[in-house]
Structures are given as structure tokens and as C-alpha cells.
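> pasting a predicted model and its sequence here:
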Amino acid sequence: MTIPLPFEPAPHERPYTVAQVVEAARGALEGAFPALWVEGEISNFKTYPSGHWYFSLKDPSAQLRCVMWRSDARRVPATPEDGLRVFARGQLTISAKRGELQLTVRELLATTEGGFFAIALARAKAALERDGLLDPARKRALPAYPRRIGVITSPEGAVWHDIVAVIARRWPGTELVLIGARVQGEGAAEDLVRALALADRLERLEVLIVGRGGGSKEDLWAFNDERVARAVAASRAPTIAAVGHETDVTLTDLVADVRAPTPSAAAEKAVPDRADVVRRLEATAAGLGAAVARRLDLAGERLRHAATRLGGAVDRRLAATGDRLRRHAARMAVACESRRAGREADLGRLAAALDALSPLKVLDRGYAVARDAGGRVLRRVAEFPAGTAFRLRVSDGEVPARAEEGR
Amino acid sequence: MSGAPRGGEPGRPPSLEEDLGRLDAIVRALETEDVDLDRALALFEEGVERLRTARERLAEAGLRLKQLREAADGGIRVDDLER
């Protein structure tokens, strides 16, 4: 049954349904307008668990309702706030459900310098600063002679090979552990966070290099992600950040313990130069030899003093032999240090021999010193004609003696 | 000056840092302290041993390359890597 109309429709007219009218208008609109850029101020911004964004773009005299679907919204580096001026690119259409003019936004750019990247970066930096993670006092020192070094970077590309080359040249007696991660593009931030968590589980890791090669600001973006920066700040091992760009400092660079302009430079900071360390070691070795030789000199001095205090003439030949041995020992000590190990034990034996030659020790072993009435030491048989009286110095005193008849 | 000949955890060889630090201390002690000959020789012997282990460590040549991954069971695995 048809509803009586207030007017008589012409034969070619008939009522349309709402859906038909809206659909027709939509088609006409979409046909007339290609995708276009609109500049305006964001207002009434709302986001739902679905991930879709709903907002209005307004200017002083008009407003336009907008929707940005989740798949497109995800690519925007920061969530907009009311009042932000933006450029929105999209398709003008009519939302059938709401019967409204709507811009389906595919791309969103902030009009401020640096756009949404700068906005996101500023927010993340403020959060890190508030939590004290940018405090210079937090920075840890690197170990002097690391035995195990981690490297978080892309397994492809030159960075890993550059680092390997530098370490192989400077400090080869170590272990380099690669932890692969994407360093740009979709999923890179998540990869980096995962790699940092893995690194924390590795035993005895002494230093961690996080790096990538050069790239544009967008390429480096993952290293400005707040989650990545926090993971670097929380790393158990001290970190060296090398995010490839002198002029584009990332948050990762700011929270790391040490910064390097390139991955190769990071490798140079991570390890010492073996040649330098060897030089320093050999200088110390020479110092050791010289110090011991001086000690032996001093000991020789003291021996001489002790011997003269005995009173009477010291057996000069014994003293001379002692001197020769001492000089020999000193020369050996110095020579030892410029040759390989093994000879050092000789020094110990020489020192013991020196000690044994001390006049007092000689007497202890049963030797005796014969002296005439004037105190002159008698050495040869010819000096003992029969009947000669002399005094015999033994280990604990003197004994009067006389040479016997017959030999 | 006292000091155990081997520092660090028991069963672990002394680190290069320990050896070099101890060597410097020994040379300083021999140069400045009034130690008797026995003590001087004991320090010297320790110094020689430290020199030996430090030289050994510095002579290590082959750079070892590894890769760290997450294992299927959620643990971690460290595999050798070709240069």
C-alpha cells in the first residue's frame, strides 16, 4: 500500500530510500573530489580500543569530521592532541551511518618543525629526563680489558664486519657476540628491545655495542623509541651507542654509557690497543728487574758492613767472589726481563748462593780462618813452618793452634 | 705488602687487570719500601709469575666470533660464527 503524498509525483519521479540518497551523494562526492590535502586544527580527538582515530579538523569558520583507520593511524609516530595543527591527506566521503560529510584520512603530518617525529621525540626525551635516565652521573666506565663483547646490530650489512675488523686488529684475544636485530623499518624497535633482553641473559658480558650505519632521520627512528632507550639504560653491561650519525643524536645515544660517532669508533672505544698494553707490560718488567738488582746491591753493601764489623781482615778473596756473584746476579736479573721466562729461577738460586758465601755462613759450614799473631790471614802450607803458632777463627770464636811436625 | 698470588674467585685465573695492577704494586714496593732480601725475592717471584700469565693472555691470538639467539625452549644459545 503506498502512502498518499502531499504532491502528485510526476511519472518519472519516485521516492528514494535514505540509503539510496546517501549512496548517490557519496558517489557524486567521491567522483568530484580526488584525494586531497587539508590543513586544520585537531579538535575532539578520540581513540578507541579498536585503534581507529576520530577527530575534527577545524578552522575559524568551518569544521570537517575525520576518521583515520587503525592501519593508517599506526604509522603516525605520535598520537595527536587537540589544538595541534596538521596536514591531513584523505578522501572526502559521506559516512552512511552518521549521514555526515567525512574525510577518511590516510596520512597525517604535523605542521610544526620536525613534524610528528619531533613531537614524539620531545615527549620521550622529557619522560626519560624525568626518570633520571639522561643524568651524566649514571654513566658507567667501560672495563679495561674485556673478554666478552656483545654487538647488537643487523646481521646483514657492513656494521658487524667493520667491528670485527677493528677488534681483530686491536684486541684479538677476546670473544665477540653478535645479537641480530632489525635496525630500521617496521618492527625494528621491538627487535632491539628483544635483543637487549637477550644480552642481559648472557653470562659475563662485559660491554655491549648497539649500532647501525648511517641513514636518514626516519631510518634512525627505532633508536628514538622510548622503549628502546629504556632498555639500553637498563642494560646490565655498560653500553656504547653508535647510531651512525654525527648530527642526528638519538635517545639511545643519550642514555648509553658511552657514545661513538660510528660503529668502528665504538669498537675502538671498547678495547685497548694490544701493542700499547704489551709495551707497558715490558716496561714494568724492566722496572721489576732493576728494582731487584738494586735490592741485591743493597744486600751486598750490608754484607760488606757486617763482615768488617767482625773485626780483623776479611778474606778478600771471599769478598771479591761475593762481589762478582752479586754483579752477575744483578746483570742476570736485568737480562731475565728481556728474555723469556725460565731464567728467573736462576736468580733465586744465585741469591741463595750469595747468602751461602756470606763469611759467617762459610764458617758455619766448618771452614776456619787461620791468622798469625799480627792478624794476617794465613793461606798456604808454606806459611805454616813447623811449630808456628796461630789463631784459628771458627764459627763461634777463636782457638789457639800450632802447626805440627811432619806433612 | 701482602697479597695472595692469585686474586679473584678461587679456580678462576687472575684477570689481566689484576696481574697488571699487582705488578705495578710489586715494583713500587721493591723501589720504595725497606723490605728484606727474603721478602724482596718473594715479591720478585710473584712478579715473575704475574708477568708470565699477563704475557700469555696478551699473546692469545684468535678472535672468537659467536652469535646469541633465543632457543626454541625459551633459553638462550650461543653458536660459533664464521668470520
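Arrived safely, thanks for sending. Numbers count the residues shown, from 1 in each chain, chains lettered A, B, ... in the order given.

> residues contacting stretch A:187-203, please?
A:148, A:150, A:152, A:177, A:179-183, A:205, A:208, A:210, A:221-223, A:225, A:227-228, A:231-232, A:234-237, B:68-70, B:76, B:78 (Cβ atoms under 8 Å, 6 or more residues apart in numbering or on different chains). C-betas here are computed from N, CA, C, even on glycine.

> now do that stretch, average pLDDT.
Taken as a whole, stretch A:187-203 has a mean pLDDT of 96.

> what comes up buried for that stretch?
A:188, A:189, A:191, A:192, A:193, A:194, A:195, A:196, A:198, A:199, A:202 (16 or more other Cβ atoms under 10 Å in any protein chain shown).

> stretch A:45-62 too?
Applying 16+ other Cβ under 10 Å to stretch A:45-62 flags A:45, A:53, A:55, A:56, A:57 as buried.

> of those, just say which sits nearest to chain B.
residue A:53 (34.6 Å; Cβ to the nearest Cβ).

> hmm, the helix ranked longest in chain B in reach of chain A?
For chain B, the helix with the greatest residue count under DSSP state H is helix B:37-59. Yes: applying Cβ under 8 Å from any Cβ of the partner chain, one finds helix B:37-59 touching chain A at B:37, B:40-41, B:44-45, B:47-48, B:51-52, B:54-55, B:57-59.

> which of these ranks first by neighbour count?
Within those, residue B:47 tops the neighbour count with 28 neighbours, counted by other Cβ atoms under 10 Å in any protein chain shown.

> and that residue, what does it touch?
Contacts of residue B:47 (Cβ under 8 Å, 6+ apart): A:288, B:23, B:26, B:27.

> might one say that the first one is in contact with residue B:51?
Which is residue A:288. Yes: using Cβ atoms under 8 Å, residue A:288 is in contact with residue B:51, at 7.3 Å.

> any residues in contact with both of the two?
With Cβ under 8 Å, 6+ apart, residue A:288 and residue B:51 have common neighbours residue B:23.

> just the pLDDT for the closest residue to chain B within chain A.
Nearest residue of chain A to chain B, counting by Cβ to the nearest Cβ: residue A:173, 3.1 Å away. Looking at residue A:173, its pLDDT reads 91.

> I'd say it and residue B:54 touch.
No: the criterion here is Cβ under 8 Å, and residue A:173 misses it with residue B:54 at 11.6 Å.

> residues in contact with stretch A:148-155?
Residues contacting stretch A:148-155 (Cβ under 8 Å, 6+ apart): A:159-160, A:163, A:167, A:174-183, A:192, A:195-196, A:199, A:202, A:204-212, A:237, A:263, A:270-271, B:67-68.

> need the longest strand for chain B.
Using DSSP state E, we find that the single longest strand of chain B is strand B:64-70.

> next SSE after the helix or strand hosting residue A:41?
For residue A:41, the host element (DSSP states H and E) is strand A:36-47. Next helix or strand after strand A:36-47 toward the C-terminus (DSSP H and E): strand A:53-59.

> tilt between that next one and strand A:36-47?
130 degrees (axes from the mean of the first three to the mean of the last three Cα atoms, to 10 degrees).

> what is the neighbour count of residue A:140?
Count around residue A:140 with other Cβ under 10 Å applied: 13.

> for it, which three-state class applies?
Using DSSP: H, G, I helix; E, B strand; the rest coil, the structure places residue A:140 in coil.

> contacting residues for it?
Residue A:140 neighbours (Cβ under 8 Å, 6+ apart): A:238, A:257.

> in contact with whatever residue of chain B ends up closest to chain A, which residues?
Here chain B gets closest to chain A at one residue, residue B:60, 3.1 Å apart by Cβ to the nearest Cβ. Applying Cβ under 8 Å, 6+ apart to residue B:60 gives the contacts A:172, A:173.

> now do it against residue A:145, distance only.
Separation of residue B:60 from residue A:145 (Cβ to Cβ, to the nearest Å) stands at 11 Å.

> how far off centre is the helix or strand of chain B with the lowest mean pLDDT?
Lowest mean confidence among the helices and strands of chain B (mean pLDDT, DSSP states H and E): helix B:37-59, at a mean of 88. Centroid separation for helix B:37-59 versus its chain: 11 Å, with Cα atoms, centre = their mean, to the nearest Å.

> all strands for the stretch 151-300 of chain A, in order.
A:175-180, A:207-212, A:239-243, A:258-259 (DSSP state E, counting those that start in this stretch).

> dump those to a markdown table, plus mean neighbour count.
As requested, the strands of the stretch 151-300 of chain A are exported to a markdown table (neighbours: other Cβ atoms under 10 Å in any protein chain shown):
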| stretch | mean neighbour count |
| --- | --- |
| strand A:175-180 | 22 |
| strand A:207-212 | 28 |
| strand A:239-243 | 28 |
| strand A:258-259 | 20 |
